[in-house]
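> Have a look at this prediction, sequence included:
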Amino acid sequence: MGQCWRILNLDTWQVICDGGKLGEWLFYDSLPSDLVELLAIPFSGTPTRTLFTPTNALGRLELPGEILLCIFDEVDDLHDAICLGLTNTALRSVGHKRIQRLIVETTAPWAGYRIVCLGEYMHNDDLPVDMLTEEEEHIMLVKPTQEDLQDPTEYDHRHLEICATKLYNFAMEHFRTLRLQSYSEDFERQWEMPSHERKLLKELSTPLWEDTDDEDTDDEDTDDEDTDDTDAILEESTDTHESSITEQNNGEEASADDDKVSEQVDASAWVLCNLTNANMSVPMPRPH
């Protein structure tokens, strides 16, 4: 038949995999990527990759950028932060750093811990020396006492050997099964989403293992063009704001319609401009 195998985290008392022969699950298509997210620490710097932008993005926002940042700072759940970022292009731009920070905090929860893969046929003598502390051995590896061994019958010997607790058996009874991302309900629910939202979800939720683009040179040129366009929008928005302040200081009269037009700033451009000019002494104009 063959023995069942499981992967144990001795420090967190967690176990993954439902058992089975080693070759049946170790190289299963989702398990290697799950192990990477359990063990590999992601890139923690400021992300520079450009996110996919759908053409049917949800409308405009009237909230100042500082308030949007405060809202994201109060969100501690990665899934909630991603869902909030998916609702609007401006929210996605403002919350991208917060989402990446939460990814770094929640990814690689097993990094640096003692990990062991055990089969159910293992014996405690098979374990590496000093893998467990004396306290852990006392708790996890229950051995027959001297009283149990006094004048035992042949049946008692076999019974004690069978009932002596092995680490594998202890883990199956006391360790908590860790539900992997590829088996979670949220992971399955993504297939009910529209394709463009599913693409955004993947981009927002995938950890950055290194800050490099996998795209070709044409895509890099496109990213540069997008950056130039963003800078141009910021510059135009800032000039509009400064021009409005100057006109007010000089006492120049302007009609209500002209004032309204001068303060009309596209929501996404205004949010970016507001973030860039967060330290300005003069408040940014709010869109109507």
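All right, it came through fine.
> Find the helix or strand that Cys117 is a member of.
Using DSSP states H and E, Cys117 falls within strand 115-119.
> pLDDT score for Gly45?
Looking at Gly45, its pLDDT stands at 62.
> And Ser244, by the same measure?
Looking at Ser244, its pLDDT stands at 46.
> do the same with Ala111
91.
> Just give me the neighbour total for it.
11 (other CB atoms under 10 Å). (Each C-beta comes from the backbone N, C-alpha and C, glycine too.)
> What of Ser33?
Ser33, neighbours per other CB under 10 Å, totals 12.
> Which parts of the one helix or strand Glu137 maps to count as buried, going by neighbours?
Using DSSP H and E, Glu137 sits within helix 134-140. Using 16 or more other CB atoms under 10 Å as the test for burial, helix 134-140 gives Glu137, Met140.
> before we move on, what about stretch 71-87?
Applying 16+ other CB under 10 Å to stretch 71-87 flags Ile71, Phe72, Val75, Leu78, Ala81, Ile82, Leu84, Gly85, Leu86 as buried.
> How is this structure divided into domains?
5-41+111-177, 220-276 (automatic domain parsing).
> Return the member of those domains having the minimum mean pLDDT.
domain 220-276 (a mean of 44).
> Please report the distance of Arg92 from His123.
As judged by CB to CB, to the nearest Å, Arg92 and His123 stand 54 Å apart.
> which among the buried residues of stretch 71-87 gets closest to Tyr168?
Of all the buried residues of stretch 71-87, Tyr168 sits closest to Leu78, with 32.4 Å by CB to CB.
> counting contacts, what elements does the strand holding Cys117 pack onto?
On a contact count with 3 or more CB pairs under 8 Å, 6 or more residues apart in numbering; DSSP states H and E, strand 115-119 meets strand 5-9, helix 167-174.
> same for the helix or strand just after the longest one, what does it pack against?
To tie it back to what came earlier, the one meant is helix 167-174. Once the chain leaves helix 167-174, the next helix or strand it forms, by DSSP H and E, is strand 176-177. Judged by 3+ CB pairs under 8 Å, 6+ apart, the packing partners of strand 176-177 are strand 14-16.
> Other residues contacting the next helix-or-strand element following the strand it packs on?
Going down the chain from strand 14-16, the next helix or strand is helix 22-25, by DSSP H and E. Contacting residues not belonging to helix 22-25 are listed as Trp5, Cys17, Asp18, Leu31, Cys117, Gly119 [CB atoms under 8 Å, 6 or more residues apart in numbering].
> To what extent is the fourth one buried, counted in neighbours?
Translated: Leu31. 16.
> Next: Pro207.
17.
> In three-state terms, label the closest residue to it other than its chain neighbours for me.
Nearest non-adjacent residue to Pro207, counting by CB to CB, 6 or more residues apart in numbering: Pro42, 3.6 Å away. Under DSSP: H, G, I helix; E, B strand; the rest coil, Pro42 falls in the coil class.
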